[in-house]
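Student: Take a look and give me a structure for this.
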Amino acid sequence: MKVYNLDKRLLDLIFLALPPNFTLADLGNPNFIDHDASLVHDDSFFQVEPFKVNTTLVDELLSSATVSGDHGSRVLTKHSVARFRRRRELESARENPEFSMSALASFVANGEAAFVLQGLGDFNSATISVEHARSFLVDERIPTDFQPSKTPITITSVLLAIAELKLRAWLG
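Tutor: Numbers count the residues shown, from 1 in each chain. The predicted model follows:
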């Protein structure tokens with residue numbers, strides 16, 4: 001995972017959580033990696049295709065971006081992602097009769113959100129441009145101008161980011 005500069009210990013932990021034998025189809029099983037209240041996917045209760053991106057959700061997420069810098073570029077921040085993460089949990093709990101958000105699912109969901117900011121975005125500012133977010137989340141492509149973090153993404157950095165996202169979501 002050199003593309004994203006993930007620390008080996010973080011990768012070991014991720015792979016430790018996987019069963020010894022699994023297929024890509026297993027990734028779509030509810031509450032394995034797929035979980036309710038995803039940032040960009042419908043809950044499994046409503047899904048026909050588990051990996052299909054809900055472009056309405058993406059547009060709503062990206063609309064929460066803030067203007068950053070002198071050039072007026074728009075970025076997702078820890079605050080905007082945390083608020084959207086919380087909003088998705090509340091919506092799913094209200095609309096999905098089979099809503100489930102175990103501690104593990106919450107950890108995975110917030111870990112994914114942290115990875116969007118740290119691994120796909122700018123590690124130091126914990127932001128991602130709207131353009132890069134759309135490329136990764138909708139087009140499922142690495143942007144041509146993508147630069148991986150110079151700082152390795154570690155278990156500690158991910159755990160701290162998860163804690164901060166949860167706190168920001170809780171505080172509103």
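Student: Just name the shakiest helix or strand of this protein by mean pLDDT.
Tutor: Across the helices and strands of the chain, mean pLDDT, DSSP states H and E gives its lowest value to helix 8-16, namely a mean of 85.
Student: Which positions in it come out as buried?
Tutor: Neighbour-count burial for helix 8-16, counted by 16 or more other CB atoms under 10 Å, picks out residue 10. Backbone N, C-alpha and C define where each C-beta goes, glycine included.
Student: before we move on, which element is the closest residue to residue 35 other than its chain neighbours in?
Tutor: With sequence-adjacent residues excluded and distances taken as CB to CB, 6 or more residues apart in numbering, residue 35 is closest to residue 105, at 4.1 Å. Using DSSP states H and E, residue 105 falls within helix 103-118.
Student: Can you give the distance of that helix from its chain's centre?
Tutor: Here helix 103-118 is found 6 Å from its chain centre; the criterion is CA atoms, centre = their mean, to the nearest Å.
Student: same question, stretch 60-78
Tutor: Computed by CA atoms, centre = their mean, the separation of stretch 60-78 from the middle of its chain amounts to 16 Å.
Student: Where does the prediction get shaky in the chain?
Tutor: Along the chain, segments meeting pLDDT under 70 span 1, 22-34, 48, 50, 70.
Student: Please repeat the previous calculation with a cut-off of 80.
Tutor: For the chain, applying pLDDT under 80 flags the ranges 1-2, 14-37, 47-51, 69-72, 172.
Student: And residue 2, how far from residue 126?
Tutor: Separation of residue 2 from residue 126 (CB to CB, to the nearest Å): 21 Å.
Student: quick one, which of those two is more surrounded?
Tutor: Taking neighbours as other CB atoms under 10 Å, residue 2 and residue 126 compare with residue 126 leading, 21 against 6.
Student: Grab the nearest non-local neighbour of residue 166.
Tutor: What sits nearest to residue 166 in space, not counting adjacent residues and going by CB to CB, 6+ apart, is residue 110, at 6.0 Å.
Student: Next up, the contacts around the one you found.
Tutor: 85, 162, 165, 166 (CB atoms under 8 Å, 6 or more residues apart in numbering).
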